[in-house]
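In: one predicted model, sequence on top.
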Amino acid sequence: MSILKLIGFILLIIISYIAFVVVVPPLKFPRNIPTIPFYVVFLPVIFPMDQTELYDLYIREAMEKYGAVKIFFGSRWNILVSRSEYLAQIFKDEDIFAKSGNQKKIPYSALAAYTGDNVISAHGKVWKDYRNAVTNGLQHFDDAPFSKNAKIFCNLIKKRAQNGESSIQMGPLSQRLALDNISQVALGFDFATLTNDKNALHEHLVHIKKQIFHPFFLAFPFLDMLPIPSRRKAFRDVASFRELLVKRVQEQLINNYKFEQTTFAASDLIRAHNNEIIDYKQLSDNIVIILVAGHENPQLLFNTSLYLLAKYSNEWQNSLRQEVESVTDSKALADLPLLNAFLFEAVRLYPPLSTIINRCTSKVCVLGADIVIPKDVYVGYNNFGTSHDPKNWGPTANDFKPDRWGSDIETIRKNWRLAKNRCTVTGFHGGRRACLGEKLALTEMRITLAEMLRQLEWTLDPEWEEKLTPAGPLCPFNLKLKFKERAPN
Ligand code: HEM
């Protein structure tokens, strides 16, 4: 056999192997749930469709009938679940469906280098140590920075409108707000991006996010193992950003003479490090994840809320404005029925983290009555599917209807708790691994939206194409709004 024929033969075997691995799920996967065609996940890269359209066209029918499907994502086959009973089982059987985040799933990737081993993705004793360190600071916090930043944010919008900017792209601006909020409330320092738009740390963050969330490398993370110069640079940039951030947090907190009395989540992490409960890498990983989860998720919900208030401005923007007009105290805002029902409905309709695949089976197990899942299979949840399933939410599951939560605050709160306990809304996850930042994020939303409603009116820019993000976190895609200043009362 000539050398060319030999190379051709080897190439053929490699290509057939890859095709076999990508095109069909492993034979050991359960046969009694449907398979979503492998190409579905690549469609948004080729066609201008958003992830809710993709869900409706290719996933919804199978998902609603079976409650779980096999899906190709992140270079591997996974099982994706949306039925509430199955989710409740997964949340409960923590040791069987063990958390296994990017640091285990794709340890060689730039994404894993960015977020490391942290309180969201860790499992077992390490997770408990992280959770013990951050819980107090994320549950009990001073919300004054939210009010201060909301005012600065409204002024920025007014200034832009006065300078003739008739339509404002919300993504970059809301990112700055969310970064300042979480850094001041949980990390004990001021990112200061609202007051300084040429901020070095912020520019660094924007730059590394572009590299980490590059759609091609997200779809094929194994490429990060190759000596591609741009990817090597991405790793270097991630390392220097992490170092800068942790130094900034440490300096700020340690230079603060009251450090021992501060109760920021970051101070507790530093104390855990000083007491040798966590090492320096674990300290850095968790400071980074507080910054990442703490700004990205609220930013998504905030953009979704602005979008819904613009879309339903006559009904919802006006009635929420009336409700918050004379209420500034954050505790009183937490008791307003319309504002809270609106936020719960926004989380239900567009859960910011629409799909999460970060659990791996630690042994052979049975999901529900008869879905046998082998060991070492990645299992994820489709939060969007759960909250759009008519079995959970009736024929209006797809509609924006905040009044479904009730009309008085006690009923609204009770229904929210029930929805989380029954896993019919999983936007903040559930069980022992429920989001630790829910209270913080909802407080941030209430304070910021109330301030905006008092100072501004807004509508969708008619030239903005109404679409949600094509993949990844869910929110309106490149949202553009038109603002009008309200006359002071
Ligand atoms: C609208 C805003 C938010 C949403 C929708 C949200 C959603 C979620 C979800 C779905 C999970 C589970 C993730 C998984 O299974 O991998 C989670 C976990 C978590 N979230 Fe949030 N989150 C939000 C805001 C925040 C904020 C502001 C923080 C503050 C840093 C935060 C901190 C955490 C932590 C620490 C966990 C891990 C809990 C554990 O596993 O023990 N989240 N969140």
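Out: Great, that's in hand.

In: quick check: residues of the stretch 51-200 of the chain near the ligand?
Out: Applying CB under 6 Å from any ligand atom, one finds that the stretch 51-200 of the chain approaches the ligand through 119-120, 131, 134, 138, 186. C-betas here are computed from N, CA, C, even on glycine.

In: out of the residues you listed, who has the most neighbours?
Out: Among those, the one with the most neighbours (other CB atoms under 10 Å) is Val119, at 27 neighbours.

In: state the number of residues packed around the residue nearest to it when sequence neighbours are not counted.
Out: Sequence neighbours aside, Tyr130 is the residue nearest to Val119 in space, at 3.8 Å (criterion: CB to CB, 6 or more residues apart in numbering). Number of residues near Tyr130 (other CB under 10 Å) recorded here: 25.

In: wasn't Tyr130 part of a strand?
Out: No - assigned with DSSP: H, G, I helix; E, B strand; the rest coil, Tyr130 falls outside any strand and is helix.

In: show me the contacts for it.
Out: Residues in contact with Tyr130 (CB atoms under 8 Å, 6 or more residues apart in numbering) are 118-119, 122, 278, 282, 286.

In: just the closest of those to Lys375, please.
Out: Ala122 (19.8 Å; CB to CB).

In: surely the closest one meets Gly101?
Out: Yes - judged on CB atoms under 8 Å, Ala122 makes contact with Gly101 at a distance of 7.3 Å.

In: from the residues of the stretch 51-200 of the chain next to the ligand, pick the one nearest Tyr381.
Out: Tyr381 lies nearest to Ile120 out of those, by CB to CB, at 13.8 Å.

In: for that closest one, which non-adjacent residue is closest in space?
Out: Leaving aside its sequence neighbours, Ile120 sits nearest to Ile289 (CB to CB, 6+ apart; 5.8 Å).

In: so which strand or helix has the one you found?
Out: Using DSSP states H and E, Ile289 sits within helix 280-311.

In: from the chain's centre, how far out does that helix sit?
Out: How far helix 280-311 lies from its chain's middle: 6 Å, per CA atoms, centre = their mean, to the nearest Å.

In: report the buried residues of that helix.
Out: Neighbour-count burial for helix 280-311 flags 282-310 (criterion: 16 or more other CB atoms under 10 Å).

In: just say helix, strand or coil for the residue of the stretch 101-250 of the chain found nearest the ligand.
Out: Nearest residue of the stretch 101-250 of the chain to the ligand: Ile120, at 4.1 Å (CB to the nearest ligand atom). Assigned with three-state DSSP, Ile120 falls in the coil class.

In: for it, list the residues it contacts.
Out: Contacts of Ile120 (CB under 8 Å, 6+ apart): 99, 101, 289, 293.

In: now render those residues as TSV, adding pLDDT and distance to Ala471.
Out: Compiled in TSV, the contacts of Ile120 are given as follows (pLDDT from 0 to 100; distance: CB to CB, whole Å):
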residue	pLDDT	distance to Ala471
Lys99	95	22
Gly101	91	18
Ile289	97	21
Ala293	96	19
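
In: now, among those residues, which is nearest to the ligand?
Out: Checking the contacts of Ile120 against the ligand by CB to the nearest ligand atom gives Ala293 as the nearest, at 4.2 Å.

In: distance-wise, check the closest one relative to Ile287.
Out: Separation of Ala293 from Ile287 (CB to CB, to the nearest Å): 11 Å.

In: equivalent analysis for Ile106, please.
Out: Ile106 is 21 Å from Ile287, where distance means CB to CB.

In: one more: Ser313?
Out: Counting by CB to CB, the gap from Ser313 to Ile287 is 39 Å.

In: which parts of the helix or strand of the chain with the lowest mean pLDDT are buried?
Out: In the chain, the helix or strand scored least confidently by mean pLDDT, DSSP states H and E is helix 215-219, which has a mean of 77. Of all the residues in helix 215-219, those buried under the rule 16+ other CB under 10 Å are 217-218.

In: how many residues are close by Lys104?
Out: Using other CB under 10 Å: Lys104 sits among 16 other residues.

In: ok so, going back, ramachandran angles for the residue of the stretch 101-250 of the chain closest to the ligand?
Out: Here is the backbone geometry of Ile120 (degrees, to the nearest 10): phi -80, psi -40.

In: count the neighbours of whichever residue of the stretch 351-489 of the chain sits closest to the ligand for me.
Out: As assessed by CB to the nearest ligand atom, the ligand sits closest to Gly437 within the stretch 351-489 of the chain, at 2.1 Å. Using other CB under 10 Å, Gly437 is surrounded by 24 other residues.

In: which residues does it contact?
Out: 138, 293-294, 297-298.

In: near the ligand, which residues of the stretch 351-489 of the chain show up?
Out: 352-353, 356, 358, 427-429, 433, 435-437, 440-441.

In: wait, Ala239 touches Ala113, no?
Out: Yes - shown here, Ala239 and Ala113 form a contact pair, counting by CB under 8 Å, at 7.1 Å.

In: pick out whichever of these two has more residues nearby.
Out: Ala113 (21 against 14).

In: look at Trp474 and give its secondary structure.
Out: For residue 474 the amino acid is Leu, not Trp. Quick answer, by three-state DSSP: Leu474 is coil.

In: can you pull the pLDDT of the closest residue to it other than its chain neighbours?
Out: Of all residues not flanking Leu474 in the chain, Ser354 sits nearest, at 4.0 Å (CB to CB, 6+ apart). With respect to pLDDT, Ser354 scores 96.

In: so how many other residues sit close to Ser354?
Out: For Ser354, the count of nearby residues is 25 (other CB under 10 Å).
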